[in-house]
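K.L.:
Let's see this in three dimensions:
(chains A and B)
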Amino acid sequence: MNASLDISVRGLDVNFGQARNVLTGVELAVRRGEFVALIGASGCGKTTLLNVIAGLVPVAAGTVTIGGAPPVAGRGDICYVLARDALLPWRTVTGNVEYGLELSGVGREERARRAATYIDKVGLAAARDLYPSRLSQGMRQRASLARAFAVGRSVYLMDEPFSALDSQTKLTLHDQLLGLWETSGATVVFVTHDIGEAITLADRVLVMSKKGIGVVDEIHVDLARPRSAEALQADERYHDLYRRTWTALKASAQ
Amino acid sequence: MTDVANSEAKLGSAARSVGGRPASIFAARAAFLAIILLAWQGAVDSGLANAAFISTPASVAQSLWHLFRDGEIFPDLGTTVLEITIAFALSVVFGIASAVVLDRNDWLNRIVSPFLTAFNSMPRIALGPLFVLWFGIGIASKVVLAFSLGYFIMLLSTLGGLKNVDRDLLLMSRLFGASELRLFRHVRFPWALPGIFAGLKLTLIYCSAGAVIGEMIAAKSGLGVLLQSFSGRFDVAGVLALILIVALLVMTLTSVMDLVERRLLEWSRGSTDVPG
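P.N.:
Okay, the predicted model is just below:
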């Protein structure tokens, strides 16, 4: 087995209920430290695949390993970022970032120190004592990112975390996510239906078939890092990749 | 339940923002009270109503004064307060505990919920004479009657809060590695807290009613006993004075709970979503 391989999915079948095949014969290989985006039409099973890796959906057939071990929900080396921010409304921004650390068994002082660092990294220092009800969508999602990266796990699974944001806020969040990820060295699987987002963030964009047979095409994003989401908007290579991905996505839906 | 608590919190904050000058609010309240008392007194003075039926503010005040001056009321007040306290404490402890058990055990919940609904649908006050028969004329029968009212309110309001807990918060916590105990402490319980507070206030009101009505059925001492004897003598002022005492007692305790609630549920204040 390839030592640099972090996530390996072979011949995966997933059924929901009685004999309803959601995924059949899915293959996926993600290298350690790689940022992979999964895109595909609605119902192609991209979130299901992510949930299998997270240990939330049972494997009907095939093998799935993450860091050499089978998927289990709540594993100490995997962090899952939900589509909704899922901040505890009764905790301040600091309290919410500390919550992830607390559940990961980090001591009180270290918690406070790391929370402050990561809140600073996502630019929420001025809002650290506010309750989530006082924050905008974008600020909430930033707090959620700070919570996720403060715990420093080796694999990050993200399920359309920015889908509720307007395009301007998205670009800011992309830069912040890239900033957090580049210093973390973590492996990321990022589910999205936004082609621009996939290209901005990922090393590889994997296109999933609508038929539930998994990845049918992949686009290598050879844009240099560190990237700036805003600068990419004016980059011709970005638009070229966008067109290629769009064509692949269109083909996958047929 | 959460909605009730939220709307209360919002009303609270709205009242505060309007009352930038709390002194003027107090003045307006005093004026409102004065109008009611004057209308009452005026109705009697003008012959529109009979003082023998509705008494007068002055006579009620006099009755209150007599009750406290002679110290006549204290043993009875003590009994009633004791009954309310015990019944309230039992309702809260058992109500919350039962709600937690039923929330975590769906199988049990499905078995007992029709029985709970049936028992809660009974007019418990009508069971009062039976409770006296079973538990005697001492405080036990009043505690049981008050508890039979308070327990279900606490149970249902807590269970309502626990049942509608945000699934994403549970999922997120589990994925971070939270144990069931931590899920309860950090997610389920705080989520149910607004419902619990709404329940606490209603439970206090119903426990007070249960205790006093229980005493009116048969008792050795208590405000309900006094109420019976005053109404037997057609002492309307005395009856109203006693009811006022119970109301003031419940209001005082409720405002203490409001204070605690405001501190604990500070996060839900002004929770209008900021767009963008």
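K.L.:
Quick check: nearest residue in space to A:Tyr131, chain neighbours excluded?
P.N.:
B:Trp267 (4.4 Å; C-beta to C-beta, 6 or more residues apart in numbering or on different chains). Any C-beta I mention is one placed from the backbone N, CA and C, and that applies to glycine too.
K.L.:
Which residues does stretch B:203-213 contact?
P.N.:
Contacting residues not belonging to stretch B:203-213 are listed as B:80, B:83-84, B:87-88, B:91-92, B:95, B:124-125, B:128, B:142-143, B:145-150, B:153-154, B:222-224, B:227, B:246, B:249-250, B:253-254, B:257 [C-beta atoms under 8 Å, 6 or more residues apart in numbering or on different chains].
K.L.:
Swap in 7 Å and give it another go.
P.N.:
Identification of contacts with stretch B:203-213 by C-beta atoms under 7 Å, 6 or more residues apart in numbering or on different chains yields B:80, B:83-84, B:87-88, B:91-92, B:125, B:128, B:142, B:145-146, B:149-150, B:153-154, B:223-224, B:227, B:246, B:250, B:253-254.
K.L.:
So in terms of bridging, what pairs with A:Tyr156?
P.N.:
For A:Tyr156, the beta-bridge partners under DSSP bridges are A:Cys79, A:Val188.
K.L.:
contacting residues around it?
P.N.:
Residues in contact with A:Tyr156 (C-beta under 7 Å, 6+ apart) are A:79, A:81, A:148, A:186, A:188.
K.L.:
And A:Thr94, by the same measure?
P.N.:
Neighbouring residues of A:Thr94 by C-beta under 7 Å, 6+ apart: A:115, A:119, A:128-129.
K.L.:
Turn the buried ones among those into a named ChimeraX selection, would you?
P.N.:
Buried subset of the contacts of A:Thr94, written as a ChimeraX selection, criterion 16 or more other C-beta atoms under 10 Å in any protein chain shown:
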select /A:115,119,128
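K.L.:
Could you point out which of the contacts of A:Thr94 is nearest to chain B?
P.N.:
The shortest gap between chain B and any of the contacts of A:Thr94 belongs to A:Asp129, at 11.6 Å (C-beta to the nearest C-beta).
K.L.:
which SS state does the closest one fall under?
P.N.:
coil (DSSP: H, G, I helix; E, B strand; the rest coil).
K.L.:
now the nearest residue to it once chain neighbours are set aside: how far from B:Arg188?
P.N.:
Nearest non-adjacent residue to A:Asp129, counting by C-beta to C-beta, 6+ apart: A:Thr92, 5.1 Å away. For A:Thr92, the distance to B:Arg188 equals 20 Å [C-beta to C-beta, to the nearest Å].
K.L.:
who has more neighbours, those two?
P.N.:
Legend: neighbour count by other C-beta atoms under 10 Å in any protein chain shown for A:Thr92 and B:Arg188, higher for B:Arg188 (23 against 19).
K.L.:
Could you pull up the contacting residues of that one?
P.N.:
By C-beta under 7 Å, 6+ apart, the contact set of B:Arg188 is B:162, B:165.
K.L.:
likewise the one 5 residues further on?
P.N.:
When contacts are counted by C-beta under 7 Å, 6+ apart, B:Leu193 is found next to B:264-265.
K.L.:
what ranges do the helices span in the chain?
P.N.:
If you meant another chain, say so; for now it's chain A. Along chain A, counting by DSSP state H, helices occupy A:46-54, A:93-103, A:108-121, A:137-150, A:167-184, A:195-201, A:229-232, A:236-252.
K.L.:
could you do chain B instead?
P.N.:
Under DSSP H, chain B gives helices at B:2-18, B:22-45, B:51-54, B:57-69, B:74-104, B:106-121, B:128-135, B:139-163, B:167-175, B:180-183, B:189-217, B:223-232, B:236-264.
K.L.:
Which of these sits closest to A:His220?
P.N.:
A:His220 sits nearest to helix B:167-175 of all those, at 30.2 Å, using C-beta to C-beta.
K.L.:
Show me which residues of the closest one are buried.
P.N.:
Neighbour-count burial for helix B:167-175 flags B:169-175 (criterion: 16+ other C-beta under 10 Å).
K.L.:
With pLDDT and distance to B:Ser46 added, can I get the residues you listed in TSV?
P.N.:
TSV is the format used below for these (pLDDT from 0 to 100; distance: C-beta to C-beta, whole Å):
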residue	pLDDT	distance to B:Ser46
B:Leu169	96	62
B:Leu170	96	64
B:Leu171	94	68
B:Met172	95	67
B:Ser173	95	67
B:Arg174	93	70
B:Leu175	93	73
